[in-house]
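J.: Below: sequence and its predicted model.
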Amino acid sequence: KVSKIFQNFRTTCNNVQGAFEGYVYPRHISPNDTFFLYRKSFCRTLPLVYNKSGFSDRGIPVFIYKLAENALDSPIMNPDNACYCKNTNKPCLPSGLSDLSPCYYGIPVAISLPHFLRADPDLLNKVEGLRPDIEKHDTIVKVQPDLGFPIYVNTRVQLNLVVHKTKFTPRVKPFDNMVIPVFWLQVEMTQLPDSINHLLDLLVFIVPVLQKTIMWFLFLVGFSLLLIASIGYVWISQFFNNTSPLISKNMKKHEKLVNVSQMQIIPLTNVHSIARGR
């Protein structure tokens, strides 16, 4: 029993490493990065993958992320979702659904994309009036890649009631083995406060220009100092090279004068004796 518990802990369903709530992203992200969005209401993590690059309404460069197309696939199509289907008494939900019952006291509910977008076609055939549209029903997140700041967020999710085979309820019998859409909601962040917009403009447009300007200014100053030092070194070297022959010539002249002139040094005692002799 203990080994089974530890085996369940090793599954991707219980792995929260690298998951985040979507408020702040890492800085300097790349198109190869995949982010795992965690929401308590989802009862799981959902992968966000890079879709394309673009610009916001204010001209800020962004990376556009969308929910992975196989995020809600059945375990047959996506083995990473096998750990979300552990109930041996009931079959796994079809593609496009994620079971929420383990987090909501066993209530048979599941989430999906609105209008069963990217879900099993059988779900659409049993419900009339559904028209899935990628532009209207997909989840989109726009992130500034250098700062890791979300510029635009549009999360769309649908809540469904999963009806299994019922007993002793004739009125519910027609809904056996059906997934009934209850409602779908959209959480959208389209605009940021002016203070944040001004800060983003400063960090995205002005600061990089200042950094390059200061970098080139310091480079020119350093190069100028190096050039001045080199010129000074060459000038001083030439000055000493030109003055050294004159110094050597003057020293030779003094040596000749000293050699030619005859000098006699007489101690003072001898001077007194000579004076007495006279």
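T.: Yes, it's here. On a predicted model such as this, the values are computed, not experimentally measured, just so you know.

J.: ok, residue 159 - contacts?
T.: For residue 159, the contact set (C-beta atoms under 8 Å, 6 or more residues apart in numbering) comprises 109, 110, 111, 181, 182, 183, 184, 185. Where C-beta positions appear, they are placed from N, C-alpha and C, glycine not excepted.

J.: Tell me which two of the residues you listed sit farthest apart.
T.: For the contacts of residue 159, the maximum inter-member distance is 14.8 Å, found between 110 and 185 (C-beta to C-beta).

J.: Looking at these two, which one has more neighbours?
T.: Counted by other C-beta atoms under 10 Å, residue 110 and residue 185 do not tie: residue 110 has more neighbours, with 20 against 10.

J.: that's a strand at that one, yeah?
T.: Yes - read with DSSP: H, G, I helix; E, B strand; the rest coil, residue 110 is one of the residues of a strand.

J.: who's in contact with it?
T.: The neighbours of residue 110, taking C-beta under 8 Å, 6+ apart as the test, are 93, 97, 98, 99, 100, 101, 159, 160, 162, 179.

J.: who does it bridge with?
T.: On the basis of DSSP bridges, residue 110 takes part in beta bridges with residue 99, residue 160.

J.: what's the domain layout of the protein?
T.: In the domain annotation for the chain, the residue ranges read 2-192, 193-259 (automatic domain parsing).

J.: least trustworthy position among the contacts of residue 110, going by pLDDT?
T.: Of all the contacts of residue 110, residue 101 carries the smallest pLDDT score, 88.

J.: follow-up on the earlier one: which among the contacts of residue 159 end up buried?
T.: Restricting the contacts of residue 159 to buried positions leaves 109, 110, 111, 181, 184, with burial counted as 16 or more other C-beta atoms under 10 Å.

J.: which of those residues lies closest to residue 238?
T.: Distances from those to residue 238 were compared by C-beta to C-beta; the smallest belongs to residue 111, at 83.5 Å.

J.: show me the contacts for the closest one.
T.: Applying C-beta under 8 Å, 6+ apart, the residues contacting residue 111 are 42, 97, 98, 100, 157, 158, 159, 160.

J.: Is it possible to get JSON lines of those that adds distance to residue 124?
T.: Compiled in JSON lines, these are given as follows (distance: C-beta to C-beta, whole Å):
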{"residue": "42", "distance to residue 124": "22"}
{"residue": "97", "distance to residue 124": "12"}
{"residue": "98", "distance to residue 124": "17"}
{"residue": "100", "distance to residue 124": "21"}
{"residue": "157", "distance to residue 124": "17"}
{"residue": "158", "distance to residue 124": "12"}
{"residue": "159", "distance to residue 124": "17"}
{"residue": "160", "distance to residue 124": "12"}
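
J.: Pull the most distant pair out of the residues you listed.
T.: 42 and 160 (13.3 Å).

J.: quick one, which of those two is more surrounded?
T.: Here residue 42 and residue 160 are set side by side on neighbour count (other C-beta under 10 Å), and the busier one is residue 160, at 26 against 14.

J.: Now do the same contact list for that one.
T.: For residue 160, the contact set (C-beta under 8 Å, 6+ apart) comprises 97, 109, 110, 111, 112, 179, 180, 181, 182.

J.: Likewise for residue 50?
T.: Counting by C-beta under 8 Å, 6+ apart, residue 50 makes contact with 31, 32, 33, 34, 63, 64, 65.

J.: what residue ranges in the stretch 51-200 of the chain are flagged as low confidence?
T.: Judged against pLDDT under 70, the low-scoring parts of the stretch 51-200 of the chain cover residues 87-88.
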